[in-house]
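Trainee: Sequence and computational prediction follow.
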Amino acid sequence: MKLAVLVDSDQTIARWQFNALQGVISDGHEINLLAIAQGNPAKSRKKLKHVLYYVFAVINRYKLAQLNRVSIHDLALEDVLRVDFERETKGMWEEIPAESLARFSDSDVVVKFGMGLLRNPHLIPVKYGVLSYHHGDPSKYRGRPAGFWESVNSESSMGVIVQSLSNNLDAGEIKAIGFSRVNQTSYRKTLSEVYTTGTPLLRKVISDLASDSSIVSSISKKTTTLPSNAKVMQLSLNQLKNRVARYIYGAFFEKKWRVGHLALLGDFESHSTIKAQEIDVIPVPSGYMMTADPCGELLDGLYCELLNKKSGLGEIGIWKKGTWHHLDIGIAGHASYPQIIQWNDSAYLFPEVSSGSSPVLVELGLDGRPSGKKLYLKNLEDKKLVDGTLFESNGSWFLFAGSSADSHQRLELYCSTSLDSEFHAHPMSPIVLDPRSSRMAGPIVQKDGSIYRFGQDCSERYGGGITISKVIVLTPSNYHEERIGSLGLEGALGPHSLLIGKDKIWLDFYTEKFALAAGIRRIKAKFF
């Protein structure tokens, strides 16, 4: 694809926009036209009733990394055709003059990173129209400012889209959509996450333009505008209150995780609620604070995470015949999420060890304990992946995983022909951008000819429930899933890991308990 990029006269773009274009270029597409809008942009008159918002916006955007200005020429555009034009303003709308439109004819699509509200984008002679970002889900929030009204209304998540522009404000054809978490204590963090989440969407859209695919979505009839001073004060006070409550919780409350089992789920494609009293809970071993992550079965043993009281770090244990057995996997640091993998007539433990190692398989002997042999996944030696989940399909191995920075809302996919061959990023990675389902929540399941992926709902809290998605397409070149169900609890919180066992399902859940030493243990685990 040949891109025309529309920028303002200073020829700078935000860091997140620069990263989005870098992703497109890395896929082999090229920028063949730099369109620079000269002249004074259309401006609305500032009003006293919005003065607190102007201050609020400056404070929360100040030195925000994703908004740092970067010269677009840092993309090495020395030989790219340049066209300068004087923008034409009509009220709040701006247009490209008719005599400049023909300069776009050698491009396939326009990416708009400059000008204000663009009138008559359909007149630009490119095959795939004008693409623009909108930071908000237009089915709920059209207009501006990004993330503010979602924060005021205490939404758990917010949308970000790439749309094909029309003359209706934020009502163009949606080409891609992602979601990020709304941080209830910090508007700055909400902005940071939504800009980061939206960055890979442009690459996905450009690579898929020829298919002419789009996302069907309703459009809100209401357009949001700048908030009043009273609304800014309301949000500021609410976030301060939430921040104080979070500090108190961190200092004096802990999650008490437990593992248990119940009868098999009959239907994945529904929204189910389990009563906590129906779970048959297994005990916590001496010397440990909690049990979690029931992620593997082998030789009638259940592999879980055990949290050591002294170190505050996770270890791997086996629950077998009513007794716990500790495993020494030979890897320093926190260990959790122990998946069992069968390959080449051998069994392997695939734990989450991102604090101390790249992804690694630990071979198990006939007794289900580590044999001492390890197999590090090739070409991932520099990756610290969170909740990595391996799955084999039609002769290919797929690794679903997150990174420590954003595993709660971004899921990556890697692919290899074999567990001892090199893994490479899947061309559609990241495959999920949504805090409601991105982080893995247990092994992938095949049932009645369908493939199901379990994801954690981290939109409001860590371990807020499980989302069930059906994998529609899974090949080395394509991936598509649809969210079709969920699993929650009544009488407890969670679950955040789910294992479909041989004759029962295993899951974990938690309750919140007061503990004077909670803050000390958190500091110890984090820094020592």
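Mentor: Received it, and whenever you're ready, just let me know what you need. Quick caveat, the model's predicted, so the values are computed rather than measured.
Trainee: quick check: domain ranges of this protein?
Mentor: 2-222, 245-527 (automatic domain parsing).
Trainee: May I see those arranged in a markdown table, with distance to residue 231 as well?
Mentor: C-beta here means a position set from N, CA and C on the backbone, and glycine is covered the same way. Listed next are the domains of the chain as a markdown table, based on distance: least, Cβ to Cβ, whole Å:
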| stretch | distance to residue 231 |
| --- | --- |
| domain 2-222 | 6 |
| domain 245-527 | 21 |
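Trainee: how about these, which one is nearest residue 234?
Mentor: domain 2-222 (6.6 Å; Cβ to Cβ).
Trainee: what about the residue lying closest to residue 136 once chain neighbours are set aside, neighbour count?
Mentor: Nearest in space to residue 136, with sequence neighbours left out and distances taken as Cβ to Cβ, 6 or more residues apart in numbering, is residue 159 at 5.9 Å. Using other Cβ atoms under 10 Å, residue 159 has 25 neighbouring residues.
Trainee: mind checking which of the domains of the chain is nearest residue 239?
Mentor: Nearest of these (Cβ to Cβ): domain 2-222, 5.4 Å.
Trainee: and that closest one, what's its mean pLDDT?
Mentor: Mean per-residue pLDDT for domain 2-222: 93.
Trainee: Quick one: end-to-end distance for it.
Mentor: Terminal residues of domain 2-222 are spaced 35 Å apart (Cα to Cα, to the nearest Å).
Trainee: can you give me the offset of that domain from its chain's centre?
Mentor: 20 Å (Cα atoms, centre = their mean, to the nearest Å).
Trainee: just checking, what packs against the host helix or strand of residue 13?
Mentor: Using DSSP states H and E, residue 13 maps to strand 12-14. Judged by 3 or more Cβ pairs under 8 Å, 6 or more residues apart in numbering; DSSP states H and E, strand 12-14 is in contact with strand 69-71.
Trainee: Name the strands paired with the strand it packs on and say parallel or antiparallel.
Mentor: Strand pairing for strand 69-71, determined by DSSP bridges: strand 12-14 (antiparallel).
Trainee: Distance of residue 184 relative to residue 6?
Mentor: 35 Å (Cβ to Cβ, to the nearest Å).
Trainee: and if you look at residue 109?
Mentor: Counting by Cβ to Cβ - residue 109 and residue 6 are separated by 11 Å.
Trainee: Look at these two and report which has more neighbours.
Mentor: When neighbours are counted by other Cβ under 10 Å, residue 109 and residue 6 differ, and residue 6 comes out ahead with 25 against 22.
Trainee: contacting residues for the more buried one?
Mentor: By Cβ atoms under 8 Å, 6 or more residues apart in numbering, residue 6 lies in contact with 35, 37, 110-115, 130.
Trainee: Recalculate using a threshold of 7 Å.
Mentor: 35, 37, 110-115 (Cβ atoms under 7 Å, 6 or more residues apart in numbering).
Trainee: With residue 173 instead?
Mentor: Per Cβ under 7 Å, 6+ apart, neighbours of residue 173: 163-164, 214.
Trainee: In ChimeraX, how would I select the buried members of those?
Mentor: The buried residues among the contacts of residue 173 can be selected in ChimeraX (16 or more other Cβ atoms under 10 Å) with this line:
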select :163,164
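Trainee: how distant is the top helix by length along the chain from the center of its chain?
Mentor: Ranked by residue count under DSSP state H, the longest helix found in the chain is helix 229-252. Chain-centre distance of helix 229-252: 24 Å, with Cα atoms, centre = their mean.
Trainee: how many neighbours does residue 92 have?
Mentor: 12.
Trainee: Contacts only, for it.
Mentor: Shown in contact with residue 92 (Cβ under 7 Å, 6+ apart): 42, 44, 116-117.
Trainee: and if you look at residue 225?
Mentor: Residue 225 touches 143-144, counting by Cβ under 7 Å, 6+ apart.
Trainee: With that, I have no additional questions.
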